[in-house]
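Visitor: Provide a 3D model corresponding to the input given below.
(4 chains)
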Number of protein chains: 2
Amino acid sequence: MTEATRRDRLRADTEREIRQQARALLVQHGRDAVTLRAIAREVGITAPALYRYYDSREDLLRRLADDICGDLAVELDAQLVELPEDDVNAQVFAVCRGFRRWALAHPQEFALVFASADGAAGPCEAGDAVGDQFGQVFLEVAGRLIASHPVPKQIDDDVPEELHADLIAFQQVLVNAVNHHGGAVSAETLSLGAIHHIVQSWVRLYGHVALEVFGRFPFAVSNPESLFDSMLKEMISEIGLED
Amino acid sequence: MTEATRRDRLRADTEREIRQQARALLVQHGRDAVTLRAIAREVGITAPALYRYYDSREDLLRRLADDICGDLAVELDAQLVELPEDDVNAQVFAVCRGFRRWALAHPQEFALVFASADGAAGPCEAGDAVGDQFGQVFLEVAGRLIASHPVPKQIDDDVPEELHADLIAFQQVLVNAVNHHGGAVSAETLSLGAIHHIVQSWVRLYGHVALEVFGRFPFAVSNPESLFDSMLKEMISEIGLED
DNA sequence: TCAACTCGGTGAACACTGTTCACCGAGCGC
DNA sequence: GCGCTCGGTGAACAGTGTTCACCGAGTTGA
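Guide: Numbers count the residues shown, from 1 in each chain, chains lettered A, B, ... in the order given. Below you'll find the predicted structure:
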């Protein structure tokens, strides 16, 4: 089965350990501490050897960010499968709360993935700019939410013309995300107004989490969880989900 | 008048030029390019001399961030004074649009000030965590908005009990900010529900701007300005400002 | 006025960084 | 078994933040 040669296995092992140690350094001492020599020291090799695996430190950090996205997706997915399939409300809460909890527990990783200006997988790669795997989980829940809870057509009127093209593109992304995970939604069930609401929800979710992680609220928030939950409640009720 | 000794003036000049050159390096080549030797080279001195002005590179960057906040505040203020005093709606638009425009034009500075995980002036310094001066402008407009447009008491009910203490504290900050700039508001006119809305607005404003600067929208936004404006419109109408 | 002192600036040094290079030797395909 | 691939090495280079002893101009007090 493992048709890989011995050398291939060793290489895979080493690569895994490199990322693992790099991750540990990031978590414990921040981005600047993720230094080639430090990684090499932990792995038990020398710094130049790392260039057999990555083009540069920047390349290593980029792939590390992908790993982090993947793990976040796995974590959120794990919380998701324990919930009743049809309780979309609970699913939304779980993903949003899980995202916040993860960000607060891993601020360095959050900063690397969601607040790096280098535009690694930036706006150029249109599809799912935030790193494949995490995007999938998030999009899937969002898509399922709307599919299972068709919103009144009326709110489509609020969506300005100039956004229609973009939102239709995003609509397709959502449909693909849901279908990819076994669901079955057609584009028609996802009204433009609803999609607009999803985007707005991402703005608010991200905004709150980033502000909390970076400590940039305009006053001392002694109870951020309440603030977050009240925002979530408002978000969800705006979409018209509370039944 | 200038009671300062000759040496003091020279020192002030040098310090100004240090920050100026550091700023130029940040803008043109990013945070990592703001290196002590590079700054020193531009200024015409040697790197160790910088330690006569700053404790460390980190200290320099922190004060640079303060400068940036100040300049942003000045810029927003300049746009503000050209507007009719009583047109709060236009003022809100101006500040929000100005903030976005500034962030897009100065992504490196935005990242340094609003997305650094080091928590420089972080949650510890309660009052105005985001750097004195910019906070002032933002808070002032926000406070004036609410003061001039008292919102119905009813929405207070939506604010969960656990947040009351925090919001009351923020209420005081807002009142101070407005009064500091010549306005006159009492705490009573600023209902808790309204304050909650202000916080939510900051979450959305920051969320959109950061997502756009960092390219972390879940799809390619070809017309981000429209998206931003539609969010602004929704935000403002929620507060009940559109007359 | 002159000595004493403060303080901005210097060059050398230290330990570190990312990165490149020639080289070596084990694993591999033929 | 020959030759090649490829992971790993140590040395080297330019550059980093930071510390240190030192110097000399500016300031201050007697």
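Visitor: I'd like the distance from stretch A:52-69 to the chain centre, please.
Guide: Relative to the centre of its chain, stretch A:52-69 is centred 17 Å away, using C-alpha atoms, centre = their mean, to the nearest Å.
Visitor: please identify the helix or strand for the residue lying closest to residue A:74 once chain neighbours are set aside.
Guide: Excluding the flanking residues, the one nearest residue A:74 by C-beta to C-beta, 6 or more residues apart in numbering or on different chains is residue A:133, at 7.8 Å. Placement of C-beta: from N, CA and C, glycine included. Using DSSP states H and E, residue A:133 sits within helix A:132-148.
Visitor: quick one: that helix to chain centroid distance?
Guide: Here helix A:132-148 is found 11 Å from its chain centre; the criterion is C-alpha atoms, centre = their mean.
Visitor: that one: which residues count as buried?
Guide: For helix A:132-148, a neighbour-count test (16 or more other C-beta atoms under 10 Å in any protein chain shown) marks A:133-148 as buried.
Visitor: which strands and helices sit next to the helix or strand just after it?
Guide: Per DSSP H and E, the first helix or strand lying C-terminal to helix A:132-148 is helix A:164-180. Judged by 3 or more C-beta pairs under 8 Å, 6 or more residues apart in numbering or on different chains; DSSP states H and E, helix A:164-180 is in contact with helix A:132-148, helix A:192-214.
Visitor: which residues touch residue A:100?
Guide: Listed by C-beta atoms under 8 Å, 6 or more residues apart in numbering or on different chains, the contact set of residue A:100 reads A:205, A:208, A:209, A:212, A:228.
Visitor: now it: which helix or strand?
Guide: Going by DSSP H and E, residue A:100 is in helix A:88-105.
Visitor: what's the first helix or strand after that helix?
Guide: Following helix A:88-105 toward the C-terminus (DSSP H and E): helix A:107-114.
Visitor: does chain B have contacts with that next one?
Guide: Yes - contact of helix A:107-114 with chain B (C-beta under 8 Å from any C-beta of the partner chain) involves A:107, A:108, A:110, A:111, A:114.
Visitor: and DNA strand C, is that helix touching that?
Guide: No - Helix A:107-114 stays clear of DNA strand C (C-beta under 7 Å from any atom of the strand), getting no nearer than 14.3 Å.
Visitor: what angle separates that helix from helix B:107-114?
Guide: With axes from the mean of the first three to the mean of the last three C-alpha atoms, to 10 degrees applied, the angle from helix A:107-114 to helix B:107-114 works out at 150 degrees.
Visitor: now helix A:107-114 and helix B:192-214, what's the angle there?
Guide: Helix A:107-114 and helix B:192-214 meet at an angle of 60 degrees, taking the same axes, to 10 degrees as the criterion.
Visitor: contact residues of chain A facing DNA strand D?
Guide: Residues of chain A lying near DNA strand D by C-beta under 7 Å from any atom of the strand: A:7, A:10-11, A:14, A:40, A:44-49, A:52-53.
Visitor: hmm, residue A:168 is touching residue A:192, no?
Guide: Yes - Residue A:168 is within contact range of residue A:192, at 7.2 Å (criterion: C-beta atoms under 8 Å).
Visitor: which one of those two has more residues nearby?
Guide: Taking neighbours as other C-beta atoms under 10 Å in any protein chain shown, residue A:168 and residue A:192 compare with residue A:192 leading, 19 against 13.
Visitor: under the pLDDT cut-off, which ranges of chain A? List them.
Guide: Applying pLDDT under 70 to chain A picks out residues A:1-3, A:118-132, A:149-157, A:183, A:240-243.
Visitor: near DNA strand C, which residues of it show up?
Guide: Residues of chain A lying near DNA strand C (C-beta under 7 Å from any atom of the strand): A:5-8, A:34-38, A:47-48, A:51, A:56-58.
Visitor: returning to what we had before: filter the residues of chain A next to DNA strand D down to the buried ones, ChimeraX style.
Guide: For the buried members of those, the matching ChimeraX selection, counting by 16+ other C-beta under 10 Å, is:
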select /A:14,40
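Visitor: and the furthest pair within the residues of chain A next to DNA strand D?
Guide: A:7 and A:47 (21.3 Å; C-beta to C-beta).
Visitor: tell me who's in contact with residue A:73.
Guide: Applying C-beta under 8 Å, 6+ apart to residue A:73 gives the contacts A:133, A:134, A:136, A:137.
Visitor: all good on my end, thank you.
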